[in-house]
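Novice: Here is a sequence together with a model predicted from it:
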Amino acid sequence: MRTKTHLQQLVRFSTSLFAATVMTAAVQSQAATERVGDFALLDEQGRFHQLSRYQHRDAVVMLTIDGSCSAAMDAAQELGGLQNRFGDSVEFLALDVSGATRSERDQWQLPFPVLGDEMMLVAESLNLSHAGEVLVFNPERMSLFYRGGAEAALGARLTAVIGGEASDTATAAIDGCAIEYTDLARHKESPPDYSTEVAPIVVENCAICHRWGGAGPFPFDSYVSLLGWSPMVREVILNKRMPPMQVDPEAGASANAHAISATERQKLLHWMEAGAPRGEGEVDPLELIPLEKEFAWQLGEPDFIVESPTNVVPAVGIQDYEYLEVELPFDKDKWVRAFQYSPGDERVLHHLMTFVIAPDEDFWGPEKTEKTAKRRFLGSFIPGGNPATVFPEGTGVRIPAGHKLALQFHYVTNGLQIRDNTSIGLYFSDAPAEKEILTRAVAERFTIAPGDPAHSIAAAYQFDEPVKLLAVRARMNYRGKHMKFAVTGGNDEPENIFSIPAYNYGWQPHYWLDKPVTIAAGTEVQVTGAFDNSLSNPFNPDPREEVTWGLESWEEMFTGYLTYVVED
């Protein structure tokens, strides 16, 4: 008499035998494992997707899509059925190679996200040949389980993946529309010029940190250095790790955000694809960058300089926050019209935040006990260009007589013991500002379960008076995934103000809006986002741990800072 275990083994064997039979009939070949590079893109809703951030899934299925290709659209319907079967353990995506807008991609009404691939740089990196082609990725090992069409072979291959029986790359025939890479062919024939096209992009976007003594771990100081680091440059451009502080370009804009245009990305990657030729230019623009970054007060000598004591940063280890309260000698109110940080050593100064606090407060003030609090936020420092922050005409941050400055330093180690002396230059108005700049902290409390890849969270604040929103800042820690700011009034659909699709704890400035937003009294500002406490998050200290709200770096917090002035 057979036991239940024997029956289960028989069923498992029969399923495997069926899958193997189908694969033998449908798959043309099974080759050595094909490796792929990491990549990241935004979908039609502005959501961020990165291949390596799906390690909590058994596989990622991606369809190459073009709305004008009937074979590709038919394949999307096939994948919809497979998503119903395997969606609990497999992530389904589409990659647009037609250059469609977000609105056009949304109108296709596919059952899975459609990623926008400007200039088809990801498609090129994956050697995609047809719209209608399907890839099945191993997101942990960055390799392929399958390359082919959306036929029976694909379903059988997914069955093998779920059963743990897939290893090498299986391939099958593709029924689709051929993709033409005209720009790539043109640039292989006539590559972008290093001196006049490639190097200037690096000087403008990278060298401010990647220089001697800068925050970047290596300098770009010559053609040879760029050539040597070109594989890394290619990787961080395709997975959007660099430049830092990238935001959703269709949900607000800020000069504090960094991005390289699609055209510039294409020039860099196609130059590398063509063999990174040095060209004929006699002058190497990277060699003209000064070896040492010289600091200067951009607005001249400050009216008052806040000097911090020496902070000694050890060679190794994770550093807790350093807090400093600075007593000020002012016997009457002061109005700050501008400020600038003078960093001691950018190699180790991760970030620095400064609040104006009352005599009986500490750095966190009412945020320790309240979900929302009105505060006086001077500003923050992160590595990079570090220009002076000049507040809009007629506005300023008020320092009431008897108040202090509270500073929070966060340092990182780099293998050397380093002493940091950072200061802040303050510039005052001769008369009180017409409008006071205030900051509203909007937060929420929570608990995140172990392994949760997308713990959603939301907070909101309704202004009871008309205001003009000048800036926003997102605050989460290592498990932060994304944050978005939106406004809504009555039953209207929320209107996005600003979106950070791929939150990175190491790179969050105070985003001053290029176009301030006028908010009527009674309007609610919504702050929404998510945490990734799974093994897919490369910054996660331990995905096995439950995480709760707290103010220290090893805990988590969810706070959106809204900087504004009250309107008349």
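Specialist: Thanks, I have the structure now. It should be emphasised that the depicted structure is a prediction, and the values quoted were computed from it without experimental measurement.
Novice: any chance you could map the helices in the stretch 251-400 of the chain?
Specialist: Using DSSP state H, counting those that start in this stretch, the helices of the stretch 251-400 of the chain run over 262-273.
Novice: Could you do the stretch 51-200 of the chain as well?
Specialist: Under DSSP H, counting those that start in this stretch, the stretch 51-200 of the chain gives helices at 70-86, 102-107, 121-125, 152-162, 182-189, 199-205.
Novice: and Pro249, which of these is closest to it?
Specialist: With Cβ to Cβ as the measure, helix 102-107 is the member of the helices of the stretch 51-200 of the chain nearest Pro249 (10.6 Å). Bear in mind the C-beta positions are built from the backbone N, C-alpha and C, glycine included.
Novice: So which elements touch that closest one?
Specialist: If you count contacts as 3 or more Cβ pairs under 8 Å, 6 or more residues apart in numbering; DSSP states H and E, helix 102-107 packs onto strand 114-116.
Novice: As JSON lines, the helices of the stretch 51-200 of the chain with mean neighbour count, distance to Asp420 and mean pLDDT would be great.
Specialist: JSON lines is the format used below for those (neighbours: other Cβ atoms under 10 Å; distance: least, Cβ to Cβ, whole Å; pLDDT from 0 to 100):
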{"stretch": "helix 70-86", "mean neighbour count": "17", "distance to Asp420": "51", "mean pLDDT": "96"}
{"stretch": "helix 102-107", "mean neighbour count": "14", "distance to Asp420": "43", "mean pLDDT": "97"}
{"stretch": "helix 121-125", "mean neighbour count": "20", "distance to Asp420": "39", "mean pLDDT": "98"}
{"stretch": "helix 152-162", "mean neighbour count": "22", "distance to Asp420": "49", "mean pLDDT": "94"}
{"stretch": "helix 182-189", "mean neighbour count": "13", "distance to Asp420": "44", "mean pLDDT": "96"}
{"stretch": "helix 199-205", "mean neighbour count": "18", "distance to Asp420": "26", "mean pLDDT": "96"}
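Novice: For Tyr411, find the nearest of the ones you listed.
Specialist: Using Cβ to Cβ, the nearest of the helices of the stretch 51-200 of the chain to Tyr411 is helix 199-205, at 25.5 Å.
Novice: Which other helices and strands does the closest one contact?
Specialist: So helix 199-205, by 3+ Cβ pairs under 8 Å, 6+ apart, packs with helix 223-228, helix 262-273.
Novice: Against which helices or strands is the shortest one packed?
Specialist: Packed against helix 223-228 by the contact rule (3+ Cβ pairs under 8 Å, 6+ apart) you find helix 199-205.
Novice: Which one, of the helices and strands packed on helix 199-205, ends up nearest to Met242?
Specialist: Taking those one by one with Cβ to Cβ, helix 262-273 is closest: 10.8 Å.
Novice: quick one on the thing from earlier: export the helices of the stretch 51-200 of the chain to CSV and tack on distance to Pro359?
Specialist: Rendered in CSV, the data for the helices of the stretch 51-200 of the chain read as follows (distance: least, Cβ to Cβ, whole Å):
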stretch, distance to Pro359
helix 70-86, 59
helix 102-107, 50
helix 121-125, 55
helix 152-162, 62
helix 182-189, 62
helix 199-205, 44
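Novice: wait, isn't Ala471 in contact with Val517?
Specialist: No - Ala471 is beyond contact range of Val517, at 10.3 Å (criterion: Cβ atoms under 8 Å).
Novice: Next up, the contacts around the spatially most central residue of the chain.
Specialist: The chain has Ala502 as the residue nearest its centroid, 2.8 Å off, counting by Cα atoms, centre = their mean. For Ala502, the contact set (Cβ atoms under 8 Å, 6 or more residues apart in numbering) comprises 40, 48, 50, 240, 246, 481-482.
Novice: re earlier: between the helices of the stretch 51-200 of the chain, which gets nearest to Ala454?
Specialist: helix 70-86 (17.1 Å).
Novice: Run through who's touching that closest one.
Specialist: 61, 63-67, 90, 92, 94, 108, 110-112, 131-132, 134, 149-151, 154-155, 158, 162, 175-177.
Novice: Any idea how far that helix is from the middle of the chain?
Specialist: Distance of helix 70-86 from the chain centroid (Cα atoms, centre = their mean, to the nearest Å) equals 30 Å.
Novice: Send me it as PDB with only the CA atoms.
Specialist: Provided in PDB are the C-alpha atoms of helix 70-86 (Å, rounded to 0.1, in the frame of the first residue of the first chain):
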ATOM      1  CA  SER A  70       0.500  42.100 -33.300                       C
ATOM      2  CA  ALA A  71       2.700  39.100 -32.400                       C
ATOM      3  CA  ALA A  72       4.100  40.900 -29.400                       C
ATOM      4  CA  MET A  73       0.600  41.900 -28.200                       C
ATOM      5  CA  ASP A  74      -0.600  38.400 -28.700                       C
ATOM      6  CA  ALA A  75       2.400  37.200 -26.600                       C
ATOM      7  CA  ALA A  76       1.300  39.600 -23.800                       C
ATOM      8  CA  GLN A  77      -2.000  37.800 -23.600                       C
ATOM      9  CA  GLU A  78      -0.200  34.500 -23.400                       C
ATOM     10  CA  LEU A  79       1.900  35.900 -20.500                       C
ATOM     11  CA  GLY A  80      -1.200  37.100 -18.800                       C
ATOM     12  CA  GLY A  81      -2.400  33.500 -18.500                       C
ATOM     13  CA  LEU A  82       1.000  32.400 -17.200                       C
ATOM     14  CA  GLN A  83       1.000  35.200 -14.700                       C
ATOM     15  CA  ASN A  84      -2.300  33.800 -13.200                       C
ATOM     16  CA  ARG A  85      -0.500  30.400 -12.800                       C
ATOM     17  CA  PHE A  86       2.900  31.500 -11.600                       C
END
